[in-house]
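[1] Quick one: sequence and predicted model below, then my questions.
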Amino acid sequence: MPEWTHIAVRSLAAVAILFLLTRILGKKQIAQLTFFEYVAGITLGEIAGFISTDIEAHFMLGITAILVWFSVPFLFEFITLKSKRIRELVEGKGTIFIKEGKVLEDNLKKERYSTDELLGQLRKKNVFNMADVEFAVLEATGELSVLLKAENQPLTPKKLGIKVGPEQETQTVIMDGSIMDEPLATRGLSREWLLTELEKIGVTLENVFIGQVDSYGQLQIDVYDDMLQLPQASQKETLLATLKKCEADLALYSLSTDKFLAKRMYGRCSEQMAGVIESVMPLLKR
């Protein structure tokens, strides 16, 4: 067998073995490497490269070495699931950098983290003012987790005491000009509905690069022809939808609050908004 053929066969075998072992180790091996997994991954790659090109070395000896380096982290994964102490020893544990808004300089020095590096990691979390941070910890994976102070956290319906319904996942129903039947079926829609929606906006299926159905059942598309202007909802329809949403929101606020005065105020405002909608409906429907 020619040398180049020999090397090609050994390389393909090494790639196949590495791929199989990586799949067995799981996605964690790719997404969140610990120090131990990092060393094991580098060594496995080195051994695979060595047995691929060194045709004088015995192939099975290299395979044995790969299996040993695979077995050790694979075994440790099971052990660390059972023992917190061993898990901390192998994977490490988080280090608190900011606690109650105060930077812990000793912990920064312990992890050899400079102030610039800390500020850079905070900026990656969209935090540009250190005074806004209540708690920050450097995870064992090297990622910085940040908790903002209560007054700086985003406002959510839950904090306002408002209950909202669950949203459905956005489904991609067209990709590269082809209809994706499974996402359509997931949303309980049909090809006929999709083609009708495309016909409404005057776009052919072949010209659609990607199409998605959002949580409200609206079809959003992007076409290959970037110069093509897609029709937008008219101002009258948008205004009518906004007014109806305001009415629904006021009614929801009335139902969500336990305070009598607030409930009566929201209810009265909802009724007034319904009257406004009724009065302008003839104008908006023209």
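    Sure thing, it's come through.
[2] how about Ile79, what does it touch?
    Counting by C-beta atoms under 8 Å, 6 or more residues apart in numbering, Ile79 makes contact with Ile86. No exception for glycine: its C-beta is placed from N, CA and C like everyone else's.
[3] how near is it to Thr141?
    19 Å (C-beta to C-beta, to the nearest Å).
[4] again with Glu117
    From Glu117 to Thr141 the distance is 16 Å (C-beta to C-beta).
[5] got it, and Leu205?
    With C-beta to C-beta as the criterion, Leu205 and Thr141 are 44 Å apart.
[6] Likewise for Thr257?
    43 Å.
[7] okay, these two: which has more neighbours?
    Shown here are Thr257 and Thr141; by other C-beta atoms under 10 Å, Thr257 has more neighbours (17 against 14).
[8] Please report phi then psi for the more buried one.
    phi -90, psi 150 (degrees, to the nearest 10).
[9] So the closest residue to it other than its chain neighbours, which state does it fall into?
    Among residues not flanking Thr257 along the chain, Lys263 sits closest, at 5.3 Å (C-beta to C-beta, 6 or more residues apart in numbering). What DSSP: H, G, I helix; E, B strand; the rest coil gives for Lys263 is helix.
[10] residue contacts, Lys263?
    Lys263 neighbours (C-beta under 8 Å, 6+ apart): Ser254, Leu255, Thr257.
[11] any chance you could map the helices in the stretch 1-150 of the chain?
    In the stretch 1-150 of the chain, the helices defined using DSSP state H, counting those that start in this stretch lie at 3-25, 28-31, 35-53, 59-82, 84-91, 105-110, 115-124.
[12] Worst mean pLDDT among these?
    Ranked by mean pLDDT, the helices of the stretch 1-150 of the chain bottom out at helix 28-31, which scores a mean of 46.
[13] Report the spatially nearest residue to the residue nearest the centre of the chain, omitting neighbours in sequence.
    Nearest to the geometric centre of the chain sits Glu169, at 12.4 Å (C-alpha atoms, centre = their mean). Nearest residue to Glu169, sequence neighbours excluded (C-beta to C-beta, 6+ apart): Ser215, at 7.4 Å.
[14] what's that neighbour in contact with, if anything?
    Taking C-beta under 8 Å, 6+ apart, one finds Glu167, Gln168, Glu169, Thr170 in contact with Ser215.
[15] What is the burial count for Leu250?
    20.
[16] Ignore what I typed, I meant Ile42.
    Using other C-beta under 10 Å: Ile42 sits among 11 other residues.
[17] Tell me how far it lies from Ala16.
    20 Å.
[18] ok, now Gln218?
    For Gln218 relative to Ala16 (C-beta to C-beta), the value is 46 Å.
[19] What are the phi and psi values at Asp225?
    Backbone torsions for Asp225, taken as degrees, to the nearest 10, come to phi -80, psi 100.
[20] Cross-check the contact I'm expecting between it and Val208.
    No - taking contacts as C-beta atoms under 8 Å, Asp225 lies outside contact range of Val208: 10.1 Å.
[21] Comparing those two, which residue is more hemmed in?
    The neighbour comparison of Asp225 against Val208 (other C-beta under 10 Å) goes to Val208, with 22 against 9.
[22] Specify the beta-bridge partners of the more buried one.
    Using DSSP bridges, the beta-bridge partners of Val208 come out as Val223.
[23] Show the contacting residues for it.
    Ile174, Gly177, Leu198, Ile221, Asp222, Val223, Tyr224.
[24] Among those residues, list the two that are farthest apart in space.
    Spanning the widest gap among these are Leu198 and Tyr224, at 13.7 Å by C-beta to C-beta.
[25] Settle it for me: which of the two has more neighbours?
    A count of neighbours by other C-beta under 10 Å puts Leu198 above the other of Leu198 and Tyr224, at 18 against 12.
[26] Helix, strand or coil: sort out the more buried one for me.
    Going by three-state DSSP: Leu198 is helix.
[27] quick one: it and Asn207 touch, right?
    No - Leu198 lies out of contact with Asn207 (C-beta under 8 Å); the separation is 9.1 Å.
[28] what's the neighbour count on Ala48?
    21.
[29] can you offset everything so residue one is 76?
    All set: I'll call the first residue 76, so the last point we hit is now Ala123.
[30] Roughly how far does the residue nearest to Glu175 when sequence neighbours are not counted sit from Lys174?
    Nearest residue to Glu175 in three dimensions, chain neighbours excluded: Glu209, at 6.8 Å (C-beta to C-beta, 6+ apart). Computed as C-beta to C-beta, the Glu209 to Lys174 distance reads 8 Å.
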